[in-house]
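**Student:** sequence? don't have it. structure:
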């Protein structure tokens, strides 16, 4: 493996590798937002479970609480799937950055591998966005806007 002897090739390699870093920034922001949603789901589930375990809830209300726990479990699966996809995205984009730099500064023919890694990372990001959309739709479905006083 021969490395590039001139500074121009190394500089161009760095420029190529920096562009996907912006996608990594978006991914890290998404992970933070989704992790916050997961924390809220867990907190709500713990609150409901504590009320149910205390045994001071009447039957109709406990049935609604168990239904909400099922919804929270489903939302948790979606959020976990979203986090997994975002993590795979970050790994693939990081790999793309390394491959672009190596492809520019060495004689290794890795442009196709870098292309596949980048497109796979973007696909994971799009799938994570779909999981996020599904989770937010589920979260708002349980709201009872029609039950507001004066509505």
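**Tutor:** That came through, no problem. Just so you know, these numbers come straight off a predicted model, no measurement behind them.
**Student:** hey, let's count contacts and neighbours off CA atoms from now on
**Tutor:** Fine.
**Student:** helix or strand next in line after the helix or strand bottoming out on mean pLDDT in the chain, which one?
**Tutor:** Within the chain, confidence by mean pLDDT, DSSP states H and E is lowest for helix 7-18 among all helices and strands, at a mean of 68. Toward the C-terminus, helix 7-18 is succeeded by helix 21-54 as the next helix or strand (DSSP states H and E).
**Student:** quick one: average pLDDT of that following helix?
**Tutor:** In this model, helix 21-54 has a mean pLDDT of 93.
**Student:** cool, and stretch 105-114?
**Tutor:** In this model, stretch 105-114 has a mean pLDDT of 85.
**Student:** longest helix in this structure, by number of residues?
**Tutor:** helix 59-105 (DSSP state H).
**Student:** that one packs against which elements?
**Tutor:** If contacts are counted by 3 or more C-alpha pairs under 8 Å, 6 or more residues apart in numbering; DSSP states H and E, helix 59-105 sits against helix 7-18, helix 21-54, helix 111-141.
**Student:** and residue 76, how far from residue 64?
**Tutor:** Per C-alpha to C-alpha, to the nearest Å, residue 76 is found 18 Å from residue 64.
**Student:** neighbour-wise, which of these two wins?
**Tutor:** Applying other C-alpha atoms under 10 Å to residue 76 and residue 64 shows that residue 76 carries more neighbours, namely 20 against 11.
**Student:** circling back: and the longest helix of the chain, how far out from the chain middle?
**Tutor:** Remark: helix 59-105 is offset 4 Å from the chain centroid, using C-alpha atoms, centre = their mean, to the nearest Å.
**Student:** same check, this time on stretch 40-57
**Tutor:** Between the centre of stretch 40-57 and the centre of its host chain there is 26 Å, according to C-alpha atoms, centre = their mean.
**Student:** and if you look at stretch 136-143?
**Tutor:** Averaging C-alpha positions (C-alpha atoms, centre = their mean) puts stretch 136-143 18 Å from its chain's average.
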